[in-house]
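Student: when you get a sec, could you give me coordinates for this:
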Amino acid sequence: MGTLPSWGPPGEGANLWSALILLVSFGQIALGVMVNLFSAETPVPWGKFRSRAKPFWGPLVPTWAAWMFQELPSVLIPAAILLWSQFCHGQLFNMIVVMAFTLHYLHRVFIYSLRHYRLPESRRRDTVPIVLPLSAFMFCFANGIAQSLTGCYFNYSSEMRGFRYLFPNWAPLKDGELEMLHKTNIWDTLALFRFAFGLVIFFYGMAVNVSADEHLLQLKTVRAHDAVVPQAASSTSPKNQEGLVTLRRSSRIAAKKDGDNFVTFKYNAHPHGAGLTAYKIPRAGWFQQVSCANYWGEICEWFGYAIMCNSVVAFSFALFTLLFLGRRGVQTHKWYKVRFGANYPENRRAVIPYVL
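Tutor: Prediction:
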């Protein structure tokens, strides 16, 4: 299994790198606890909660550009370190770890961001306070360095012994490695199974996360005939000829049935994102069990990554993800219940099926 001296590049600076990576690890946990506590009453102002942004959050920038900018370090840094470290010195397990981390952010930076950009104009104008992508950029910069260095230089010799013992034809022995193979024991085999189990959980979580995000993006499409909703919301009658029901006139929210789904609409008067915003109850996949299947998938993803990596910095990142998205998921769950009322499924949890 991995050992502490292998957490950074070899040489005189190895101990310094190890100390810095440990600092990032414990800093992530502390940051996760702080954000979880401080956002308990006031959600972080993006997405559904953007209207709660205060002036000190700074000017607004397009959401799609914010996603691309803030997560870019998590693509560029591991790519640079892979080249700098000569592809993890040819170590199979190190390459898998770094490439898995990079794969998640390749999707975030390019596919997910551009999917936001390709939304209808009324949703493409969604914005986020600039403080959020700037702070997320710094987090991704530090985390990208820590995860990439750890992934490149962590010692997976135990996993490799187990792999060569079980699959001798897949990984031919190099000169001088026959003696190493004879030292293989049950712990090496268990280490290999742990790595494989974590990798499976990682890709399972990524599949859930990507499919849930895609479902939410599809629900953000607003049809042209829905443009009558602001008038309905400001109407003096509770229901008009369009079948639109005013829920709260003060906030200009209206609702109507759309097939088997129940849809709410709100006119957003924000100067940088004015227009009609429609919300539907998500129902695909894990959304049948939780309100935030996208968060559930990402939590699974990073805990699978941590199990695979078996390093402190990977587990600290997974814990940060749980603390941050767990709080956000509970707030989103309450938002859905308030907005949709009795039409929202009662048996859904917020983030973790059957638990939270």
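Student: make it CA atoms for all contacts and neighbour counts henceforth
Tutor: Fine.
Student: so, low pLDDT: which residues of the stretch 1-150 of the chain?
Tutor: Where the stretch 1-150 of the chain drops to pLDDT under 70, the residues are 1-14, 50-56, 85-90, 119-125.
Student: how about the helices in it?
Tutor: Using DSSP state H, counting those that start in this stretch, the helices of the stretch 1-150 of the chain run over residues 14-38, 63-71, 73-84, 86-89, 92-106, 113-117, 121-124, 131-153.
Student: to residue 315, which of those helices lies closest?
Tutor: helix 14-38 (8.2 Å; C-alpha to C-alpha).
Student: angle of the closest one against helix 131-153?
Tutor: Here helix 14-38 points in a direction 140 degrees away from that of helix 131-153 (axes from the mean of the first three to the mean of the last three C-alpha atoms, to 10 degrees).
Student: show me what counts as buried in helix 14-38.
Tutor: Residues of helix 14-38 classed as buried by neighbour count (16 or more other C-alpha atoms under 10 Å): 15, 17-18, 21-22, 24-29, 32, 35-36.
Student: for stretch 95-112, same thing?
Tutor: 95-102, 104-106, 108-109, 112.
Student: from residue 74, how far out is residue 195?
Tutor: 22 Å (C-alpha to C-alpha, to the nearest Å).
Student: need the helices of the stretch 1-150 of the chain in JSON lines with distance to residue 210, can you?
Tutor: Below are the helices of the stretch 1-150 of the chain laid out as JSON lines (distance: least, C-alpha to C-alpha, whole Å):
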{"stretch": "helix 14-38", "distance to residue 210": "23"}
{"stretch": "helix 63-71", "distance to residue 210": "15"}
{"stretch": "helix 73-84", "distance to residue 210": "17"}
{"stretch": "helix 86-89", "distance to residue 210": "27"}
{"stretch": "helix 92-106", "distance to residue 210": "9"}
{"stretch": "helix 113-117", "distance to residue 210": "12"}
{"stretch": "helix 121-124", "distance to residue 210": "19"}
{"stretch": "helix 131-153", "distance to residue 210": "19"}
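Student: for stretch 349-356, give me every contacting residue.
Tutor: With contact meaning C-alpha atoms under 8 Å, 6 or more residues apart in numbering, stretch 349-356 is reached by 289-293, 295-296, 326, 329-330, 332-333.
Student: for those residues, give me TSV that also has pLDDT, neighbour count and distance to residue 303.
Tutor: What follows is these, written out as TSV (pLDDT from 0 to 100; neighbours: other C-alpha atoms under 10 Å; distance: C-alpha to C-alpha, whole Å):
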residue	pLDDT	neighbour count	distance to residue 303
289	91	19	20
290	93	26	18
291	91	29	20
292	92	29	17
293	93	32	15
295	95	26	12
296	96	26	11
326	92	21	14
329	91	25	17
330	92	18	19
332	89	20	22
333	92	19	22
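Student: most widely separated two among those?
Tutor: Most distant of the contacts of stretch 349-356, by C-alpha to C-alpha, are 289 and 326, 15.1 Å apart.
Student: any idea how far residue 305 lies from residue 217?
Tutor: With C-alpha to C-alpha as the criterion, residue 305 and residue 217 are 26 Å apart.
Student: which one of these two is surrounded by more residues?
Tutor: Neighbour totals were compared for residue 305 and residue 217, and residue 305 leads with 28 against 16 (other C-alpha atoms under 10 Å).
Student: other residues contacting the helix or strand containing that one?
Tutor: If you go by DSSP states H and E, residue 305 is part of helix 293-309. Under the contact criterion C-alpha under 8 Å, 6+ apart, helix 293-309 has outside partners 97, 101, 151, 194-213, 285-287, 314-315, 317-319, 321-322, 325-326, 329, 351-352.
Student: next: stretch 135-149.
Tutor: Here stretch 135-149 makes contact (C-alpha under 8 Å, 6+ apart) with 7-9, 21, 24, 69-75, 77-78, 81, 98, 101, 313-314, 317.
Student: which parts of the stretch 251-356 of the chain are strands?
Tutor: For the stretch 251-356 of the chain, the strands defined by DSSP state E, counting those that start in this stretch occupy 253-258, 261-268, 275-280.
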